[in-house]
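>>> One predicted model, sequence on top.
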Amino acid sequence: MPENLTKDDKFGNIKVILIEPVYRGNVGSVARIMNNFEFTQLRIVGAIPQKEDFVVGVHSEDILHKAQLYDTLESALSDIDRVIVLSRRVGNTKKPDFSPRQLANYVCDKGNPGSPLNYGLVFGRETFGLLDTEVEQSDLRCYIPANEQFPSLNLAQAVVVILYEIYTAEPQQTADLAEKSVIDEAIEYSIEVLDSMTAFKNDNDKTYLTHFLSSLLYRSNATKQMTIDFKKVFNRIFLRFHRKGKGYKIN
């Protein structure tokens, strides 16, 4: 179980992360929404804005006062095992991994407080959303379907859609899920094998395959055994090509 949480903290391993929010009222609204659906873990990259008061956060002041502040997104994600950004960007290289309901099913292990994983739900600025460099720090992306002519939701509205879906999702059995470091090590191992075979035409080719393998393992919410099997397959490829095994660590 993540540190400083109790068995009664139903969604304590799910962190709501706001990047440089502009309006104080939105932060208050987010806190109230979190309270409505029993979420307690709020993180803010930057500072709580001072443009408005907390009136919309009525009865949720405790969440606001306990919100953790970070200077950078990287530091806010330092203990997160699955980073999921909410973004309306779509395209060939920016395909969403989840709808809100699919995201809820992915993270919903309520009733299983022994889960070792921390999930981070990252929401961008009200003004211009997320930077490319911030999106690149994510493992997965969620897209909230809306009017194509006006798809951008208010920050608090986006949060309520996602938290409601998680709150009402059916509990899932928690398997022996792999921590972020274990998945990333398996991806790095596979890329090293392919690199040793001169399998990439250029850096873009390597980047594309790295993103593909990352999406494959993260979307499947890989278990530790899956990462071991993944490395076994690439070790056999290495053996066929180099006439000797590369070897790998069993996490």
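Structure's in. What do you need?

>>> Can you show me the strands along the chain?
Under the criterion DSSP state E, the chain contains strands at 14-19, 42-45, 68-70, 82-86, 119-123, 140-142.

>>> The first one pairs with which strands, parallel or anti?
Think strand 14-19. Each strand paired with strand 14-19, and its direction, by DSSP bridges: strand 42-45 (parallel), strand 119-123 (parallel).

>>> Among those, show me which one is buried the most.
The highest average neighbour count among the strands paired with strand 14-19, using mean count of other C-beta atoms under 10 Å, belongs to strand 119-123 at a mean of 25. For every residue, glycine as well, the C-beta is placed using N, CA and C.

>>> tilt between that one and strand 82-86?
Interaxial angle, strand 119-123 versus strand 82-86 (axes from the mean of the first three to the mean of the last three C-alpha atoms, to 10 degrees): 20 degrees.

>>> what's strand 119-123 in contact with?
Applying C-beta atoms under 8 Å, 6 or more residues apart in numbering, the contact partners of strand 119-123 are 13-19, 43, 73, 76-77, 80-86, 107, 130, 134, 138, 155, 158-159, 162.

>>> from the chain's centre, how far out does stretch 178-194 sit?
17 Å (C-alpha atoms, centre = their mean, to the nearest Å).

>>> which residues does Ser138 contact?
The contact partners of Ser138, taken as C-beta under 8 Å, 6+ apart, are 83-85, 122.

>>> which stretches of this protein have low pLDDT?
1-8, 51-59, 89-94, 109-116, 172-175 (pLDDT under 70).

>>> Longest helix in it, by number of residues?
Ranked by residue count and defined by DSSP state H, the top helix of the chain is helix 224-242.
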